[in-house]
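Visitor: 3D, please:
(one chain, ligands or ions: 1)
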Amino acid sequence: MIRVAVFASGGGSNLNALLEAVQSGRLDASIVLVISNKAEAGALQIAREYGVPAVHISQKSLPSDDEFNKAILTALKEHGVDMIALAGYLKKIDSCIIREYKNRILNIHPALLPSFGGKGMYGLKVHQAVLDYGCKVAGVTVHLVDEEYDTGPPILQRCVPVEPDDTPETLAARVLEQEHKIYAEALQLFAENRVKIQGRKVSIK
Ligand code: GRF
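Guide: Numbers count the residues shown, from 1 in each chain. Next up, the predicted model:
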């Protein structure tokens, strides 16, 4: 069974959805570790409620970037982690971690990439930009993580309609509902060893 670590900086609703998917048998994986760079992250609290080891690893309390990355890698090794799922983790993942977990780090982004992604595009800003552009559809992307923000190849994408009277908040809520389904589905594809990756080309067997 694949052993997954979830990295989260915020409330952790995606983490919660993944834990529920495991519990209900929709996701054949074990969530063995949750890492947050924010001590007060709701995600840490959720992890503890589920009895999942939850650690706060912050750059601020470590002497250098190197030490920070080492602390993360050590925690991942200690818990025998095979895959990493970023769920609202707002720090860029260092290339040393990407190398170590090549093609085994996923992120979920609340838009149809490559639109509305990149540095600074998170939270309600994404949905505001979708509405400002006048898009008729929004969506969700689960993608592999590379060295840049939101540029790795997509694994799964799903459309979400934009309604005429949407605000960033109502659109975010509709998108989040889909996020909570698609992330477990994407991880399940890895659990079943159905994802073939050749450069940017990802095919699902
Ligand atoms: C989600 O919208 C996710 O797509 C983005 O950050 C948000 C995290 O929300 N990367 P939550 O903490 O899982 O509720």
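Visitor: going by C-alpha atoms from here, please, whenever you check contacts or count neighbours.
Guide: Will do.
Visitor: which residues touch the closest residue to residue 65 other than its chain neighbours?
Guide: Of all residues not flanking residue 65 in the chain, residue 59 sits nearest, at 6.7 Å (Cα to Cα, 6 or more residues apart in numbering). If you count contacts by Cα atoms under 8 Å, 6 or more residues apart in numbering, residue 59 has them with 37, 65, 68.
Visitor: among the residues you listed, name the ones in helices.
Guide: Mapping these onto helices (DSSP state H) picks out 65, 68.
Visitor: alpha carbons only: can I get the top helix by length along the chain in PDB?
Guide: Using DSSP H to assign secondary structure, the helix with the most residues in the chain is helix 168-191. Extracted C-alpha coordinates of helix 168-191, given in PDB (Å, rounded to 0.1, in the frame of the first residue of the first chain):
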ATOM      1  CA  PRO A 168     -15.100  34.400  -5.600                       C
ATOM      2  CA  GLU A 169     -16.500  32.700  -2.500                       C
ATOM      3  CA  THR A 170     -19.400  30.900  -4.200                       C
ATOM      4  CA  LEU A 171     -17.100  29.800  -7.000                       C
ATOM      5  CA  ALA A 172     -14.400  28.600  -4.500                       C
ATOM      6  CA  ALA A 173     -17.000  26.500  -2.700                       C
ATOM      7  CA  ARG A 174     -18.200  24.800  -5.900                       C
ATOM      8  CA  VAL A 175     -14.600  24.200  -7.000                       C
ATOM      9  CA  LEU A 176     -13.600  22.900  -3.500                       C
ATOM     10  CA  GLU A 177     -16.400  20.300  -3.700                       C
ATOM     11  CA  GLN A 178     -14.700  18.800  -6.800                       C
ATOM     12  CA  GLU A 179     -11.300  19.100  -5.200                       C
ATOM     13  CA  HIS A 180     -12.400  16.900  -2.400                       C
ATOM     14  CA  LYS A 181     -13.300  14.100  -5.000                       C
ATOM     15  CA  ILE A 182     -10.600  14.500  -7.600                       C
ATOM     16  CA  TYR A 183      -7.500  14.400  -5.200                       C
ATOM     17  CA  ALA A 184      -8.400  10.900  -3.900                       C
ATOM     18  CA  GLU A 185      -9.100   9.700  -7.400                       C
ATOM     19  CA  ALA A 186      -5.700  10.900  -8.600                       C
ATOM     20  CA  LEU A 187      -3.900   9.200  -5.700                       C
ATOM     21  CA  GLN A 188      -5.900   6.100  -6.300                       C
ATOM     22  CA  LEU A 189      -4.500   5.900  -9.800                       C
ATOM     23  CA  PHE A 190      -1.000   5.900  -8.300                       C
ATOM     24  CA  ALA A 191      -2.100   3.300  -5.700                       C
END
